[in-house]
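> Sequence plus the predicted model coming up.
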Amino acid sequence: MNSFLRLPLRFVVHRLPAFLLLAGLLAFGVSACQQAAPEQQSEAHDGTTTYFTCPMHPQIVRDKPGQCPICSMDLVKATKQAAAKPAAAVAPAALTHYTCPMHPQISRKEPGKCPICGMDLVKATKAAPAAKATSGTTTSAPEVMLSAQQRQLAGIRVAAFGPSGSAVGSTVLTGTITANANQTRTVSSRVAGRVERLFVRQTGESIRAGAPLVSIYSEQLQALQQEYLLALAQQRAVGKSVNQYGRLVASARQRLRLLGLTEGQLRTLAATGRPTTSLTFYSPQAGLVQAVGVTEGQYVGEGSLLVSLTNLFSVWVEAQLYPEEVAGIAMGQSVQVQVSGRPDTYSGRVVFLSPERQANSKVTLLRVLVANPGGRLQPGMQANVRLTSRRAATSARTLPQDAVLHDSRGSYVWQQVDAGGRFRRLNVTTGAETDETVAITGGLDADALVVVSGAYLLESEYALYQGTDPMAGMDMEKPTP
């Protein structure tokens, strides 16, 4: 009996170290699992990662507090969403948060005060970021949520999209006032000689009709005057009954008249018998000096430009327009001209439509004649030409210019989805435009409620909150040094 009991006891004694080692390994494994499980469970339920970054240099990311190596600011605690598993696209739900009206980057889950300006945070809603569409699915249109208070402050106004009843409108063209070329006169030298005296020296100077402009000394003029006086002397000697000398006098007189001598100068020359040393040119009309082409003492040839004159009793307004806009314009059509810096509106008429495009451009030239009795309109002024469209009334659907937004990717409008303040951005195609309306040819259903006032504010709100908020997760409560 004793030998039978001693056998198991001997077995246990020899195997005891192995049992103890096995028990220790099991205890260590259970402890490690208990320590790892909460972290895995927390990450699985929370789905966020905590890190420290610099508010001024978000590229700086650390796993513990410290200072920014660039600006030495204290790093702030931030969280970011862990990558989620791909899922089917669902409609974005409205998220409620509290934000500062003056600093929309501040977002809190509970009421409080803005850490920047100390204002009370206001309740707001925004659309949650839409999940990225997987292959084969369509991405939903961007949406923005605004509270009733935000809509009131932003002045959001909507209107039903429907037929405008008429496509008649007006187009505004930008133009420049220029001198009327039909009222411009050029005074050129009719003889070769030297400029002895210049009566006008600067452009813009006002000139009356018959005022002296330039005096030129010319040997050719001296010779012709001597020839004329000699013919007159011969005619007086033989009498006027001899037609041969009468023809010589008439021929010499005509040559002097063609050179620019007036009838008064010819009578004075015949009475005194002394040739003039210079030829004076006079202004053919009243107006302004547009250009002076000579200086005193300068030698000029026959045909050289002396002075260019113009009057401003009427001016041209030259504007540019696209070829597709020419179809609605007719010669002689009445237009309205508004000049920058002038409160009055001037009436004019179309006098010229260029049949070709300007060099290296896609525009053509339109010229409008405008009366200017007081001379208040001066060349070089900027003006707007308002053209009334002559398209017949149709059932075209149009929206105000402020309702349609444009960028390099296309044209957009904001549609009100429901009365709760949800707005959706839609891509539309546009047609003919006027200064007030834009024709919509596609992308928008009839009778849809479209934002006609405040669309730019909605676009700004969407640009601020699209995707993830760039300031989301930062601990803004921590004061900066």
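Good, I have the coordinates.

> D120 pairs with what?
Beta-bridge pairing of D120 under DSSP bridges involves K113.

> Give me the pLDDT for it.
Predicted confidence (pLDDT) for D120: 89.

> Please renumber the chain so that the first residue is 254 from this point on.
Right, with 254 as the first residue, what we last looked at is D373.

> Give the bridge partners for L562, please.
According to DSSP bridges, beta-bridge pairing links L562 with R438, V542.

> That one touches F534, doesn't it?
No. The pair L562 / F534 is not scored as a contact, 11.2 Å apart, by CB atoms under 8 Å. From N, CA and C alone the C-beta is placed, and that goes for glycine too.

> Just want to know which of these two has more residues nearby.
L562 (24 against 18; other CB atoms under 10 Å).

> show me where pLDDT drops low in the stretch 604-734 of the chain?
Along the stretch 604-734 of the chain, segments meeting pLDDT under 70 span 642-649, 688, 718-734.

> quick one, helices of it?
If DSSP state H, counting those that start in this stretch is used as the criterion, the helices of the stretch 604-734 of the chain fall at 708-718.

> need the strands for it, in chain order.
617-624, 635-641, 651-653, 658-660, 663-669, 675-686, 690-695, 702-706 (DSSP state E, counting those that start in this stretch).

> which secondary structure elements does the fourth one contact?
Just to be clear, that refers to strand 658-660. Counting contacts by 3 or more CB pairs under 8 Å, 6 or more residues apart in numbering; DSSP states H and E, strand 658-660 packs against strand 663-669, helix 708-718.

> May I see the buried residues of the longest one?
So the one you mean is helix 708-718. A708, L710, L711, E712, E714, Y715, Y718 (16 or more other CB atoms under 10 Å).

> okay, the helices and strands packed on strand 658-660 in a markdown table with distance to P528 next?
A markdown table is the format used below for the helices and strands packed on strand 658-660 (distance: least, CB to CB, whole Å):
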| stretch | distance to P528 |
| --- | --- |
| strand 663-669 | 78 |
| helix 708-718 | 79 |
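
> The ones you listed: which one's closest to T515?
Ranking the helices and strands packed on strand 658-660 by proximity to T515 (CB to CB) places strand 663-669 first, at 67.2 Å.

> Go through the closest one and flag the buried ones.
Buried residues in strand 663-669 (16+ other CB under 10 Å): S664, Y665, V666, W667, Q668, Q669.

> show me what contacts the first one?
Read that as S664. V657, L658, N680, V681, T682, T683, V691 (CB atoms under 8 Å, 6 or more residues apart in numbering).

> make it 7 Å
Going by CB atoms under 7 Å, 6 or more residues apart in numbering, S664 touches V657, L658, V681, T683.

> Could you report the pLDDT at the residue lying closest to A462 once chain neighbours are set aside?
With CB to CB, 6 or more residues apart in numbering as the criterion, A462 has its nearest non-adjacent residue at 4.5 Å, and that residue is A539. Turning to A539, the model gives it a pLDDT of 87.

> And for A539, the neighbour number?
Around A539 there are 14 residues (other CB under 10 Å).

> And it, how far from T563?
Note on A539: its distance to T563, by CB to CB, to the nearest Å, is 10 Å.

> With P357 instead?
58 Å.

> more neighbours, the two?
T563 (21 against 16).
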